[in-house]
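[1] Quick one: sequence plus predicted model below, questions after.
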Amino acid sequence: MIGFSILHVGIIAAVFVLAGMVKGVTGMGLPTVAMGVLGAIMSPVSAASLLIVPSLVTNLWQLVTGPSLGVLVSRLWPMMLGIVIGTIAGSGLLTKTNTQWTTVALGLTLVAYAGLSLFAPPFSVPTWMERWLSLVTGLTTGLMTGGTGVFVIPAVPYLQALNLDKDDLIQALGLSFTVSTVALAIGLQTGGAFEFHSAAGSVLAVIPALLGMELGQRIRHRIRPAMFRKWFLICLALLGLDLIVRPFL
């Protein structure tokens, strides 16, 4: 990857293999893992630039292989619109804010996501609330994406609360993550942070990400996904705590 030492290339490749593996097992988590681990060795904006192409490729694959794309777009377009607006508006936080505070924000996001996933009781969204709540969720997710490079809060809990069947939920997550990735790329480009060397490194990162996904899909048939998810979230929370305290040590 252009501009990185051999050691950094090896670390980055290993991170994307790990991130792809998590996505292969759970259907999500590539940008969350990539941002969380890479954020410990580089600035959040550099990490976000590297994850653009691997995230886009893996999420497009997840999006187009589902059965209900048209129905989901018709139902979730207010959320997608909110994600685009919020991400582009919030991307200045990632490209212009002091990296100390973006690192802390990334850590807080990881801890919040892990905590909600582990401990929050399940809930459902009433039909009459869905249209406006989708827009609010999209805007909030976009601001979080623009500020931290992580797409999951509150998009994932919200989509899980819509009581979609398994295949539709996986496809809805792919739709949300794809729109978030494209919006983040636009925001980084607008802020002058997504340059040639970032794009080249991001393209090369697709290879280990896809290898990790293949490995994760094989692992999924050999382990209990619920147990894997539990320990993944615990590790994510610990990583988030490390990112929160690191700038002050």
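    Structure's in. What do you need?
[2] Go ahead and list the helix or strand containing Leu135.
    helix 127-148 (DSSP states H and E).
[3] Now do the buried residues in that helix.
    Of all the residues in helix 127-148, those buried under the rule 16 or more other Cβ atoms under 10 Å are 130, 133-148. In short, each C-beta sits where N, CA and C put it, glycine included.
[4] That one: what's the following helix or strand?
    Per DSSP H and E, the first helix or strand lying C-terminal to helix 127-148 is helix 155-160.
[5] on contacts alone, who are the packing partners of that next one?
    helix 69-90, helix 99-119, helix 127-148, helix 166-190 (3 or more Cβ pairs under 8 Å, 6 or more residues apart in numbering; DSSP states H and E).
[6] tell me which residues of the longest one are tucked away?
    Going back to what we said before, that points to helix 166-190. Quick answer for helix 166-190 (16+ other Cβ under 10 Å): 168-185, 187-189.
[7] The second one too?
    Of the residues in helix 99-119, 99, 102-114, 117 count as buried by neighbour count, 16+ other Cβ under 10 Å.
[8] okay, the angle between that helix and helix 127-148?
    For helix 99-119 against helix 127-148, the angle by axes from the mean of the first three to the mean of the last three Cα atoms, to 10 degrees is 140 degrees.
[9] Any chance you could list what contacts helix 99-119?
    Contacts with helix 99-119, where a contact means Cβ atoms under 8 Å, 6 or more residues apart in numbering, come from 32, 35-36, 39, 43-45, 93-94, 144, 147-150, 152-153, 156-157, 229-230, 233-234, 236-237, 239-247.
[10] Can you tell me which of these are classed as buried?
    32, 35-36, 39, 43-45, 93-94, 144, 147-150, 152-153, 156-157, 229, 233, 236-237, 239-240, 243-244.
[11] quick revisit: show me which of the buried residues of helix 99-119 is closest to Val25.
    Checking the buried residues of helix 99-119 against Val25 by Cβ to Cβ gives Ser117 as the nearest, at 14.4 Å.
[12] Read off the pLDDT value for that closest one.
    Per-residue pLDDT puts Ser117 at 83.
[13] nearest residue to Ile88 other than its sequence neighbours?
    Leaving aside its chain neighbours, Ile88 sits nearest to Gly187 (4.8 Å; criterion: Cβ to Cβ, 6 or more residues apart in numbering).
[14] Please read the previous query as pertaining to Leu106.
    In space, and not counting its chain neighbours, Leu106 is closest to Thr148: 4.6 Å by Cβ to Cβ, 6+ apart.
[15] With Thr140 instead?
    Pro154 (5.7 Å).
[16] Also Thr178?
    In space, and not counting its chain neighbours, Thr178 is closest to Asn59: 4.4 Å by Cβ to Cβ, 6+ apart.
[17] low-scoring stretches of the chain, by residue?
    Along the chain, the parts satisfying pLDDT under 70 run over 1-4, 95, 97-99, 192-199, 225, 249.
[18] possible to save the helices and strands packed on helix 155-160 as TSV with distance to Leu210?
    Listed next are those as TSV, based on distance: least, Cβ to Cβ, whole Å:
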stretch	distance to Leu210
helix 69-90	22
helix 99-119	24
helix 127-148	23
helix 166-190	15
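[19] Isn't the residue nearest to Leu106 up against Leu94?
    Yes. Under the criterion of Cβ atoms under 8 Å, Thr148 makes contact with Leu94 at 7.0 Å.
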